[in-house]
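Colleague: With the sequence up front, the predicted model follows.
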Amino acid sequence: MELDDLKSAWKSIPDEKKYDRDKIFNMLKKKSTSTIHWFFKFTLTELTLVVLFTLISIAKGKLITGESLSFENSFFYRNYIIGSACTILFTLLFLIYSYNTYQKIKINDSVKNLMNHIIRYRKIVNFFIFFQVIALISISTPYYFELGKNIYIDKIGSNYDINKADTVGYIAVGIAIVLILIITTIYYGVIYWLFLRKLSKNLYELKDIK
């Protein structure tokens, strides 16, 4: 009887481990889809605000700062329109990718595939953040250059030095870039980091049960 009991106990161990493994996997899959779902909603809200801001800026011919876009045919205005359009398009592509990843994870039944989805998605999110920061700097640079020059010209009057005006413009650009980097680091570092941290945690747990 003892030998039969040992055989029965031995046979029951793989099934129990398999059950625990499947249970943990399903839990991690649910957590991952939930994280990406909320990521999708947040990015969609962000895109909506960007579109509204862009449309209002174009319609009124000015930015929220109140500075007039009187030189609509200038490099600045074209750069603003093209940059905003590229940002919106890229965010839409990111939303489509997020939704597709969310759907794939929902129906996925493999630890390896789920890990691959999470790894790829994290890379895309990092690239998305990098693109957003670069796009914001590219859109803002001509504006702050002109703004710095105009502030100097208004202060000096008609006897201004064009070289000094350009220097002030470059200084304004430098200050703007530093502020943009600080703000975006805080924004993406806090909000997006929370999403990525959850996905990373799920990935580490998946590696343990693989």
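Modeller: The structure has been received and is ready for your questions.

Colleague: Tell me where the chain is predicted with low confidence.
Modeller: Scanning the chain with the threshold set as pLDDT under 70 gives 1-20, 57-76, 108-109, 209-210.

Colleague: cutoff 50 now
Modeller: Residues of the chain meeting the criterion pLDDT under 50: 1-3, 5-7, 9-11, 13, 16, 18, 63-73.

Colleague: Give me the most central residue, it.
Modeller: For the chain, the residue sitting closest to the mean C-alpha position, by Cα atoms, centre = their mean, is I129 at 3.9 Å.

Colleague: Moving along the chain from the strand or helix carrying R122, name the first helix or strand you hit.
Modeller: Here R122 sits within helix 111-156, counting by DSSP states H and E. Sequence order places helix 162-187 as the next helix or strand after helix 111-156, per DSSP H and E.

Colleague: Just name whatever secondary elements that next one is in contact with.
Modeller: Contacts defined by 3 or more Cβ pairs under 8 Å, 6 or more residues apart in numbering; DSSP states H and E place helix 162-187 against helix 111-156. (C-beta placed from N, C-alpha, C; glycine too.)

Colleague: Also compute the angle for the helix it packs on relative to helix 162-187, please.
Modeller: Helix 111-156 runs at 150 degrees relative to helix 162-187, counting by axes from the mean of the first three to the mean of the last three Cα atoms, to 10 degrees.

Colleague: did I read that right, L194 in a helix?
Modeller: Yes - under DSSP: H, G, I helix; E, B strand; the rest coil, L194 falls within a helix.

Colleague: Neighbours of it, how many?
Modeller: By the criterion of other Cβ atoms under 10 Å, L194 has 13 neighbours.
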